[in-house]
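J.: generate coordinates for the sequence data below:
(one chain, ligands or ions: 1)
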Amino acid sequence: MTAVHRAVLDAGGPVLRFDQPVLADNSVSDIPVITNLFGTTERVAAGLGVSIDKLDDLGEFLAALRSPTPPNGLRDAYSRWPMLKAALAARPKIVKSAPVHQVVRKGRDVDMTSLPIQTHWPDDAGPLITWPVVVTRPYGSSAEDVDLYNAGVYRAQVLGRNTVIMRWLPHRGGAAHHKSWAEQGEKTPVAIVLGADPATLLSAALPLPETVSELSFAGALNSARLRLVAAKTVPLLVPAEAEIVLEGWVSPTETAPEGPFGDHTGYYNPAKPFPVMQITAVTHRHDPLYLSTYTGRPPDEPAIIGEVFNRLALPTIRAQIPEIKDLWLPPAACSYRIAVVSIEKRYPGQARRVMMALWGMLPQFSYTKMIVVVDTDIDVRNWDDIAWAMATRMDPGRDVMLLENSPMDYLDFASPRAGLAGKMGIDATTKIESETTREWGQVMHTSPADAEFAADLVSRCFPDLKT
Ligand SMILES: Cc1cc2nc3c(=O)[nH]c(=O)nc-3n(C[C@H](O)[C@H](O)[C@H](O)COP(=O)(O)O)c2cc1C
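T.: Below you'll find the model as predicted:
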């Protein structure tokens, strides 16, 4: 299934539905597996409730939400997005009965091995839930206070009939909630939502401001209040329309080695300990679908989602570093390890200032090993343009900035020590004023009239030639 999904995703193909998936014991499940839901940027945008060309507006809205002094920005954004404002203000609707409770299995009837949870890669440690929306709330909150809820996508390894490992990285919202319960010696109530609606899935994956609840934001994207229902065995509300929900408790102390699993870097992660969760109920629709995806060397679905999210983040980044015109995190470089940024250059040393601002001010660039800064005539999404800028506007002795011992994710085995790595900034901008003593080259351009003449002549002489 991973190989089929990969081939279809690579070709920009449709959402896939695998009927009658074969389980580990060779029996056949009657629950179909859905993959490639977010296999194109168009589908990701649709999941956010907008078309591709409206993404920039949504990005402006997110920037306004993050603004430390919101009034003007937020008022402007709200006036452009009145439904978003109304929906963000509207609390999710709590309902008494829900499709996700059409079938309820508790206690001994819980058996996750009967779900078609994929083992994605040949050397994976076992079945892995890859598209869960993990719902938690902090210690001391009430189950009704949805504004305090966190929803994040954290993969979960299935250990047995009623046990999974919850892999929330330490800086995630779910891990922070877990810490608040564990400090009181209490287990954390958790709901793993499988097959949430697209807006909820994407809101859970988006790095939203702390003050915005993912569940309210999902309602805002859908222009409708999200419908929630009380879970059966944990004090939490869960999306009423989901396909499947796994309810349970994460231990304050017990951990188990998670992995190895193939990951977005294109390598298997080493096993690491993460908390263990006991599942107390599995609830689902009469005929549920199981949503899955693989993570692997790009392209994978998270890389496609990342491309859209990076576009959404641009206005937020520009609010901090206004000279940035465009920014690209190549999916092939794991979507965050290399950044290419174009700037309106006005003064010497500006490219270095931009590199340091990206690394220093914006947490999402902590693990970006290499930043290439170019002028605005360079298309940051075009490797040929980038190569030309580096080949003609950069001197390795002068224009490369190297740092040591800066933060890095533990998955980067190329860095000399776990968690600490070097960084490289390449200034491939035109050198101005004190940056150079030499006469700089003049870029050659074909005149528009000549270009038009040539295009016309070529198309008439060589009609089959693609120019
Ligand atoms: C398919 C997919 C799988 C992911 N797996 C994990 C994971 O295993 N652990 C993790 O901490 N984050 C994972 N993430 C990233 C988080 O979901 C994402 O950063 C999210 O914004 C975290 O939400 P939070 O800030 O509320 O914790 C994954 C994202 C996607 C799209």
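
J.: residues of the stretch 51-200 of the chain that sit close to the ligand?
T.: 130-131, 150, 152-155, 167-169, 172-174 (Cβ under 6 Å from any ligand atom). C-beta here means a position set from N, CA and C on the backbone, and glycine is covered the same way.

J.: okay, those residues in CSV with distance to residue 346, pLDDT and secondary structure next?
T.: Formatted as CSV, those follow (distance: Cβ to Cβ, whole Å; pLDDT from 0 to 100; DSSP: H, G, I helix; E, B strand; the rest coil):
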residue, distance to residue 346, pLDDT, secondary structure
130, 45, 98, coil
131, 45, 98, coil
150, 41, 96, strand
152, 40, 97, strand
153, 40, 98, coil
154, 43, 98, coil
155, 45, 98, coil
167, 45, 98, coil
168, 43, 98, coil
169, 39, 94, coil
172, 39, 94, coil
173, 39, 94, helix
174, 43, 97, helix
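
J.: got JSON lines for those, with neighbour count too?
T.: Formatted as JSON lines, these follow (neighbours: other Cβ atoms under 10 Å):
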{"residue": "130", "neighbour count": "21"}
{"residue": "131", "neighbour count": "23"}
{"residue": "150", "neighbour count": "22"}
{"residue": "152", "neighbour count": "22"}
{"residue": "153", "neighbour count": "24"}
{"residue": "154", "neighbour count": "21"}
{"residue": "155", "neighbour count": "22"}
{"residue": "167", "neighbour count": "23"}
{"residue": "168", "neighbour count": "24"}
{"residue": "169", "neighbour count": "13"}
{"residue": "172", "neighbour count": "17"}
{"residue": "173", "neighbour count": "21"}
{"residue": "174", "neighbour count": "24"}
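
J.: let me see the mean pLDDT of the helix ranked longest in the chain.
T.: Longest helix in the chain, counting residues (DSSP state H): helix 301-320. Helix 301-320 shows a mean pLDDT of 95.

J.: which helices and strands does that helix pack with?
T.: helix 41-47, helix 55-66, helix 198-205, strand 324-328, helix 350-361 (3 or more Cβ pairs under 8 Å, 6 or more residues apart in numbering; DSSP states H and E).

J.: could you tell me the least trusted of the ones you listed?
T.: helix 55-66 (a mean of 86).

J.: could you say what helices and strands that helix packs with?
T.: Short answer (3+ Cβ pairs under 8 Å, 6+ apart): helix 55-66 packs on helix 71-80, helix 301-320.

J.: close to the ligand: what parts of the stretch 301-450 of the chain are there?
T.: Residues of the stretch 301-450 of the chain lying near the ligand (Cβ under 6 Å from any ligand atom): 302, 305.

J.: what residue in the stretch 1-150 of the chain comes nearest to the ligand?
T.: residue 150 (4.8 Å; Cβ to the nearest ligand atom).

J.: would you check how far apart that residue and residue 374 are?
T.: Separation of residue 150 from residue 374 (Cβ to Cβ, to the nearest Å): 37 Å.

J.: also residue 466?
T.: 27 Å.

J.: more neighbours: the two, which one.
T.: residue 374 (28 against 4; other Cβ atoms under 10 Å).

J.: what about the more buried one, distance to the ligand?
T.: To the ligand, residue 374 is 28 Å away according to Cβ to the nearest ligand atom, to the nearest Å.

J.: that residue belongs to a strand, doesn't it?
T.: Yes. Using DSSP: H, G, I helix; E, B strand; the rest coil, the secondary structure at residue 374 is a strand.

J.: I figured it hits residue 428, correct?
T.: Yes. The pair residue 374 / residue 428 is scored as a contact, 5.0 Å apart, by Cβ atoms under 8 Å.

J.: between those two, which contacts overlap?
T.: 386, 389, 393 (Cβ atoms under 8 Å, 6 or more residues apart in numbering).

J.: which elements pack onto the helix or strand the second one falls within?
T.: Following DSSP states H and E, the helix or strand that holds residue 389 is helix 383-393. Using 3+ Cβ pairs under 8 Å, 6+ apart, the elements in contact with helix 383-393 are strand 370-375.

J.: mind listing what's buried along the strand it packs on?
T.: 370, 371, 372, 373, 374, 375 (16 or more other Cβ atoms under 10 Å).

J.: what is the nearest of those to residue 16?
T.: Nearest to residue 16 out of the buried residues of strand 370-375 is residue 370 (Cβ to Cβ; 34.4 Å).

J.: show me what contacts that closest one?
T.: With contact set as Cβ under 8 Å, 6+ apart, residue 370 has these partners: 333, 337, 338, 339, 423, 424, 425, 426.

J.: inside helices: which ones of the residues you listed?
T.: Short answer: the contacts of residue 370 have none in helices (DSSP H).
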